[in-house]
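Asks: Kindly return the folded structure for what I paste below:
(3 chains)
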Amino acid sequence: MDSVSPSILQFTQFESQALGQQLIDKALYYKADPRIDIQKGMGKRIGCIFLNPSLRTRVSTQIAASNLGVEPIVLNMDKEGWALEMREGAIMNKGTVEHIKDAAGVLGTYFDILAIRAFPSLTNKEEDMNDFVFSQFVKYSGIPVISLESATRHPLQSLADQITIREHSSGIKKPKIVLTWGPHIKAIPHAVANSFAEWSLGMGHDLTITHPAGYELSEKFTKGATIEYNQKKALQDADFVYVKNWSGFNDYGKIISTDPSWMLTEKHFVNAPNAKVMHCLPVRRNLELSDEILDGPRSLVQKQAENRIYAAQSVISHLI
Amino acid sequence: MDSVSPSILQFTQFESQALGQQLIDKALYYKADPRIDIQKGMGKRIGCIFLNPSLRTRVSTQIAASNLGVEPIVLNMDKEGWALEMREGAIMNKGTVEHIKDAAGVLGTYFDILAIRAFPSLTNKEEDMNDFVFSQFVKYSGIPVISLESATRHPLQSLADQITIREHSSGIKKPKIVLTWGPHIKAIPHAVANSFAEWSLGMGHDLTITHPAGYELSEKFTKGATIEYNQKKALQDADFVYVKNWSGFNDYGKIISTDPSWMLTEKHFVNAPNAKVMHCLPVRRNLELSDEILDGPRSLVQKQAENRIYAAQSVISHLI
Amino acid sequence: MDSVSPSILQFTQFESQALGQQLIDKALYYKADPRIDIQKGMGKRIGCIFLNPSLRTRVSTQIAASNLGVEPIVLNMDKEGWALEMREGAIMNKGTVEHIKDAAGVLGTYFDILAIRAFPSLTNKEEDMNDFVFSQFVKYSGIPVISLESATRHPLQSLADQITIREHSSGIKKPKIVLTWGPHIKAIPHAVANSFAEWSLGMGHDLTITHPAGYELSEKFTKGATIEYNQKKALQDADFVYVKNWSGFNDYGKIISTDPSWMLTEKHFVNAPNAKVMHCLPVRRNLELSDEILDGPRSLVQKQAENRIYAAQSVISHLI
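Replies: This next block holds a predicted model:
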């Protein structure tokens, strides 16, 4: 995407360990005093565009903006009657009512920053891998864009996760982080898993990824991680265990297994007694992750959700 | 509900005559100068959660918050794609995407106060009577919660009603208040009727309730009121007549009568020439209440609606 | 409509050339420094009521209000579960849940200004021509109302268009403006075309309207314009060409032609080499208007969209 708008700051992926550290530092600075920079964004506006529904992301982004004096305006484009045409040169004589070129151009005129959520189709692998829909907004809006989860990545979630890991790593020299697949009944996007791997590796952590055979993620995001098909082995001596479901990447968008033995319970932690458990929420209890873990002392999920505010605030502050 | 979070202030029901008077005083103070306390809530946020649609309640709460410098953020959880699981221990392999525990926990982290609307099912009497859905938010959010109408009560409406009665009672020693059932084509919740009875009795008023046989409300709310099945007798010498439909309570959620003679017209007031007529809105004209009354000088309905702002403002101010 | 509430300022149609010039002047003043009057509307609120979906209009109105310190609150009454009864004296025992009288009355109490979008049915010509739905809000709210597009007019769009024409007219003595019909697959309202004609003529411009036979607009709006059925002749020496589809007015709401030769491409401009092209957006590309024009130097569409902010800001400032 940088090739499209080289001169405009974006927040769509992991960039560098140095920037990562700087964003985490800034987030913790805001967490200590959320409204310390209330004057910084006065008179600026962020347009939050949701092509898919959102609870945490929408509210945390609104709060983050508002903490900086930036006015957030939310547009639910999935439900508010605006089917966008994405194809260049399309003859628009069907269901789409406006071309992304024109809509993104106008939004670029109305706002100082856009924040956009655009899930993958999970049917067209190539378009998804190119973040096709999200990239159209970046290309045509002409202003800084923040990803609120694209087809391939969820960088604000991953920044919040890294903030949480930093907060709970004191005394651990080099934490062992495990990303484990968990069962689900639906075909779920890869964005959270991809981004978590990209950021954990980028921040220099020791990352092990474990999942049933067939659930290999794209190497674009996992290169440098240890892949271990035996969950028990993977969990040994873990400091942080990130639970997430995703659908097949090679067999794209498919559910390959729903093996319930992959759902973590206390007995999975015999060899990792101090491990903390993370999940981006929403979580399907007793399917992806047990009540026992979620309601117990290992769970960091509420802390991750809280850090979504300061991750967003750090990034908005960085872009304005 | 107080048993769940004894140390956290809530506004979910009538508490005491003293607090009632204090809230009415405060509301009238704000009505005289709505933005006098604009600094009081600066930096605070209220999350307004609607599991059911709303016009007056949503807008009046937003305005009330904003008059106090509190930032309101609205979440329409009925339509914004978030089916919540309410059952403890559920294996979430069906349609629900997030457990109330996790959602309410996050909302409790993001906001300083929550305001929640959760209508009854009108099919599961026990769950409704326990305000099951609403109580889950109270239980798991860990912050002050304001009811914007639960299964059993609508306390902000009742506070607005009591403000309106105070404003129009000058010169009346002990006003006679009548709550009369009116016809409707749908099965309507009991919350407004329950709360109006609870507050009118709690504030020490003389309350008569009249309805066709079979429409008896729960004694939990009506104990101390005169129950009079003859509407004509009930209306005699009334100062305030509150019109409301509700469905059966004993024969739970059922429509027992649609007798149009119960709809008030001018001729119903021969023995109560000075009576004022109240309704919480929305009202179905010429079904629940006649144009003649609604468009005539007896009607206080617009004044009640206006007082919704100051009722909410008084309560938010009380909680922060 | 003025007959209904003669003493209340409205912005529902073209009033006079003097007011038009004043509103354009003010808009350009705000465009140069959008927040220069940020104190002017402090403590005031505008209710933006959408009975039909909106992107540009919603966001530009919110931004305009906010630039003046006016708090905007948006109500999507099409989707947020509020079917309004419009008929006087109706017995409301069907699908409508609230009468416009009561709803508009409450909104008039809650807000300082209302801004309302209410599209035509395109089936009941008489009701549409009387702006029936929109007029009910004006009649019953008792406060200033701004049209965000009624059945017959879209005056904020037309004001934005006139601002854009002023900005691009330097050096042109008396610009020749052409309003040309363009093809579409749906039956589209007349409001934008009507208002554009009304404002262009009202502002003293030379206006030619061109369309296939059968697409004659109401003379109420076009009196004084040259009607030319030959598009080629109409376009000759044009300075500004406004493209818009509309459905039949005489054969009300019908699609009479979809002739693709009416869609403008570069070759249509051989005899109008300097003509600028305008469209209110959203535009169906390569159906109403070609990529070639929209992506080329003739297009003013993004500038029109940007001017929507300052048109709304000028009008809100005028009314408060």
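
Asks: you'd agree A:A151 is up against A:T123?
Replies: No. With contact defined as Cβ atoms under 8 Å, A:A151 does not reach A:T123; the gap is 11.2 Å. No exception for glycine: its C-beta is placed from N, CA and C like everyone else's.

Asks: and stretch A:162-176, how far out from the chain's middle?
Replies: 19 Å (Cα atoms, centre = their mean, to the nearest Å).

Asks: Can I get it as PDB, trimmed to CA atoms?
Replies: C-alpha atoms of stretch A:162-176 as PDB (Å, rounded to 0.1, in the frame of the first residue of the first chain):
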ATOM      1  CA  GLN A 162       1.800  -5.900  22.600                       C
ATOM      2  CA  ILE A 163       1.000  -3.200  25.100                       C
ATOM      3  CA  THR A 164      -0.600  -5.900  27.300                       C
ATOM      4  CA  ILE A 165       2.400  -8.200  26.900                       C
ATOM      5  CA  ARG A 166       4.800  -5.400  27.900                       C
ATOM      6  CA  GLU A 167       2.700  -4.700  31.000                       C
ATOM      7  CA  HIS A 168       2.800  -8.300  32.100                       C
ATOM      8  CA  SER A 169       6.400  -9.200  31.200                       C
ATOM      9  CA  SER A 170       8.200  -7.600  34.100                       C
ATOM     10  CA  GLY A 171      10.800 -10.100  35.400                       C
ATOM     11  CA  ILE A 172      10.600 -12.300  32.300                       C
ATOM     12  CA  LYS A 173      13.800 -12.100  30.300                       C
ATOM     13  CA  LYS A 174      12.600 -13.200  26.900                       C
ATOM     14  CA  PRO A 175       8.900 -14.300  27.100                       C
ATOM     15  CA  LYS A 176       7.800 -17.400  25.300                       C
END
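
Asks: can you list contacts of it?
Replies: Contact partners of stretch A:162-176, identified using Cβ atoms under 8 Å, 6 or more residues apart in numbering or on different chains, comprise A:20, A:24, A:27-28, A:31, A:177, A:199-200, A:203, A:205-206, A:208, A:237-240, A:276, A:278, A:300, A:303-304, A:307, A:310-311.

Asks: Which members of those are classed as buried?
Replies: Buried members of the contacts of stretch A:162-176, scored by 16 or more other Cβ atoms under 10 Å in any protein chain shown, are A:20, A:24, A:27, A:31, A:177, A:199-200, A:203, A:205-206, A:208, A:238-240, A:276, A:278, A:300, A:303-304, A:307, A:310-311.

Asks: Could you pick out which of those residues are located in helices?
Replies: Mapping those onto helices (DSSP state H) picks out A:20, A:24, A:27, A:31, A:199-200, A:303-304, A:307, A:310-311.

Asks: and which of those residues is nearest B:G108?
Replies: Nearest to B:G108 among those: A:K303, at 12.9 Å, using Cβ to Cβ.

Asks: residue contacts, A:L55?
Replies: A:282, B:75, B:77, B:80, B:82, B:98, B:103, B:106.

Asks: pLDDT wise, what is it at?
Replies: pLDDT for A:L55: 83.

Asks: Kindly report the same for A:S7.
Replies: On pLDDT, A:S7 comes in at 56.

Asks: ok, now A:N76?
Replies: 84.

Asks: The nearest residue to it once chain neighbours are set aside: neighbouring residues, count only.
Replies: Leaving aside its sequence neighbours, A:N76 sits nearest to A:F50 (Cβ to Cβ, 6 or more residues apart in numbering or on different chains; 5.0 Å). For A:F50, the count of nearby residues is 25 (other Cβ atoms under 10 Å in any protein chain shown).

Asks: which residues touch the closest residue to A:M278 other than its chain neighbours?
Replies: Nearest non-adjacent residue to A:M278, counting by Cβ to Cβ, 6+ apart: A:Y242, 4.6 Å away. Each residue near A:Y242 by Cβ under 8 Å, 6+ apart is listed here: A:161, A:177-180, A:196, A:277-279.

Asks: one more time with 6 Å, if that's ok
Replies: Counting by Cβ atoms under 6 Å, 6 or more residues apart in numbering or on different chains, A:Y242 makes contact with A:179, A:196, A:278.

Asks: circling back to that earlier point, comparing A:A151 and A:T123, which shows the higher neighbour count?
Replies: Comparing A:A151 with A:T123 by other Cβ under 10 Å, the one with more neighbours is A:A151, at 25 against 10.

Asks: For that one, identify the helix or strand it belongs to.
Replies: A:A151 belongs to no helix or strand when elements are defined using DSSP states H and E.

Asks: For A:T265, see how far away it is.
Replies: Here the criterion is Cβ to Cβ, to the nearest Å. By it, A:A151 lies 32 Å from A:T265.

Asks: what kind of secondary structure is A:A115 in?
Replies: On the three-state scheme (DSSP: H, G, I helix; E, B strand; the rest coil), A:A115 is labelled strand.

Asks: residues in contact with it?
Replies: Contact analysis of A:A115 by Cβ under 6 Å, 6+ apart lists A:46, A:48, A:61, A:146, A:148.

Asks: Of the residues you listed, which belong to helices?
Replies: Counting by DSSP H, the contacts of A:A115 place A:T61 in helices.

Asks: May I see the contacts of A:A115 organised as TSV, with pLDDT and neighbour count added?
Replies: Converted to TSV, the contacts of A:A115 look like this (pLDDT from 0 to 100; neighbours: other Cβ atoms under 10 Å in any protein chain shown):
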residue	pLDDT	neighbour count
A:I46	98	29
A:C48	96	23
A:T61	98	28
A:I146	97	24
A:L148	97	27
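
Asks: Relative to A:N230, which of the contacts of A:A115 is nearest.
Replies: Checking these against A:N230 by Cβ to Cβ gives A:L148 as the nearest, at 35.0 Å.

Asks: And the closest one, how far from A:S60?
Replies: From A:L148 across to A:S60, the span is 10 Å (Cβ to Cβ).

Asks: just A:K26 next, same as before
Replies: Taking Cβ to Cβ, one finds A:K26 at 16 Å from A:S60.

Asks: Please identify which of those two sits among more neighbours.
Replies: Shown here are A:K26 and A:S60; by other Cβ under 10 Å, A:S60 has more neighbours (26 against 19).

Asks: For stretch A:207-217, give me every contacting residue.
Replies: Counting by Cβ under 6 Å, 6+ apart, A:177-181, A:193, A:200-201, A:222, A:225-229, A:231, A:234, A:249, A:256-257 sit against stretch A:207-217.

Asks: Out of those residues, which sit inside strands?
Replies: Secondary structure defined by DSSP state E assigns A:177-181, A:226-227 of the contacts of stretch A:207-217 to strands.

Asks: Pull out the buried residues from the residues you listed.
Replies: Buried residues within the ones in strands among the contacts of stretch A:207-217, counting neighbours by 16+ other Cβ under 10 Å: A:177-181.

Asks: Now do the strands for chain A: every range, in order, please.
Replies: Per DSSP E, chain A carries strands over the ranges A:10-11, A:45-50, A:71-76, A:84-85, A:98-99, A:113-117, A:145-147, A:176-181, A:206-210, A:226-227, A:240-244, A:276-278.

Asks: so how far is the second one off the chain centroid?
Replies: When you say that, I think you mean strand A:45-50. Centroid separation for strand A:45-50 versus its chain: 17 Å, with Cα atoms, centre = their mean.
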